[in-house]
Every structure is written in C-alpha cells, then in structure tokens.
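A.B. asks: Got a predicted structure here, sequence first:
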Amino acid sequence: MADNDLDSLLDEVERKYCRSEPEGKGAACRADGERGKEPRRLKNSVANVSTDEEDVDDLIENILDVHMHGGTKAHRTKPSNQKPSKIANQPHSKKCCPVYLGGTMVRFGVGTNISERACSQLRCTSCDFSVLSFDDYKWDSSCDYLFFRNSMPEHSKLQSKMIRKKGSRAYACQCSWRSVHELTDLSKDLQLRWVCGKHSE
C-alpha cells in the first residue's frame, strides 16, 4: 500500500509542476534541474581527473626510480646551489700539445711548439695500455699484433724482438708499436691511438 501511495504522490507532483505547465516552461524546468546538477558533476569529474593525474605521476616516478636504482626507491634531493670547493694543494698537471715521439737524442718532458720534447706519459685509447719505451732499441721487422698482445707489459718477453740500435727508441702498447729515431709529431701518424696522459709537475 505504501508503494502505491508514493507512486500516486509522485504522479501528482509531476502533473502539477511539469506536465500542467506549457512545454517551454517544463523544458526550462527540466533544463534548470539538469543545469543544477551539472556543476556538481563537473566538479566531481575535475577532482577525479586531478586525482588520476597525480596517481599516474606517482606511478611514473616509481617506475623511473626502480629502473634507475635497481629495484630500490631512492629519495630525490634538490640540486645544491653550492659550487664544488677546489681541493687545496692539488698537483698541477699539463698535457703535451702537440704530442711528440723521439729517439734518445730527444729529451722527455711536456711537448709544446716551443719546447719539442718526447712525451713520457703516453696512453693508448684503443687497448687502454700505457705505452712503454726502450732507449737505444728498435723493433724487429717480424713483430706483429699477436706478439705484443701476448707479451705486454713483460720486458723479458718483449726483449726477444728488440734489436740494439744507438739513438733509436722503441715504443709499444698492447696493439701498436713504433721504432723512432728523430722527433716525430704523433698527429701525423693516423694509425696510432696514443695520447698524452698528463704530466704532474
């Protein structure tokens, strides 16, 4: 019975306030009713969107942290505005420019256009070995890549392919070798990947 009374009451309200009025007014009434609901819906949807965006941002940040730090989340710190302090009494280092090779008549030191000296701090960027040099020796013509690959840096093994020659200097790393008798600009030998590893003074 209660359900029938409620239905009757609703029908009466609908007849009185919506159907009995002209169509335009009823439409306006319905439109107003819907318009009243719209801001609430819009507000809720905006809140949901902002919440969703925050969730997505958090998710992306978590994924990046896990990827970068191997599964452990690290706290991000703001970059400091402080400049790194210079270490006191840091040894002064220089590089050769240009880099020279030379026979025993050429002194070792920091090579420049004015001071033409042979670099004693050579390093190979190809095999990452320090370049060794032997005064008054040259390499035998039978030397090959495998010999240096298997012999470096043991002097006793290298000696088997060294020939005594006054004034000459034998250079070698694990992948390249040269016999030099006079001052030579390294930049003119394009096959060598030797660079100056800095001189401490």
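C.D. replies: Nice, thanks for sending it over. Numbering: from 1, shown residues only.
A.B. asks: list the buried ones in stretch 187-201?
C.D. replies: Going by neighbour count (16 or more other C-beta atoms under 10 Å), the buried part of stretch 187-201 is Leu192, Arg193, Trp194, Val195, Cys196, Gly197, His199. The way it works is simple: take the backbone N, C-alpha and C, and place the C-beta from them, glycine included.
A.B. asks: Distance to His181, pLDDT and secondary structure for those residues - can I get that in JSON lines?
C.D. replies: Below are the buried residues of stretch 187-201 laid out as JSON lines (distance: C-beta to C-beta, whole Å; pLDDT from 0 to 100; DSSP: H, G, I helix; E, B strand; the rest coil):
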{"residue": "Leu192", "distance to His181": "16", "pLDDT": "94", "secondary structure": "coil"}
{"residue": "Arg193", "distance to His181": "22", "pLDDT": "94", "secondary structure": "coil"}
{"residue": "Trp194", "distance to His181": "17", "pLDDT": "96", "secondary structure": "strand"}
{"residue": "Val195", "distance to His181": "22", "pLDDT": "95", "secondary structure": "strand"}
{"residue": "Cys196", "distance to His181": "21", "pLDDT": "94", "secondary structure": "strand"}
{"residue": "Gly197", "distance to His181": "24", "pLDDT": "90", "secondary structure": "coil"}
{"residue": "His199", "distance to His181": "23", "pLDDT": "87", "secondary structure": "strand"}
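A.B. asks: From these, pick the one nearest Asn113.
C.D. replies: Minimum distance to Asn113 across those is 14.3 Å, recorded for Cys196 (C-beta to C-beta).
A.B. asks: Look up the pLDDT of the residue nearest to that closest one when sequence neighbours are not counted for me, please.
C.D. replies: Excluding the flanking residues, the one nearest Cys196 by C-beta to C-beta, 6 or more residues apart in numbering is Cys96, at 4.1 Å. pLDDT for Cys96: 93.
A.B. asks: Also Leu6?
C.D. replies: 73.
A.B. asks: Quick check: phi and psi at it.
C.D. replies: With angles defined as degrees, to the nearest 10, Leu6 sits at phi -70, psi -40.
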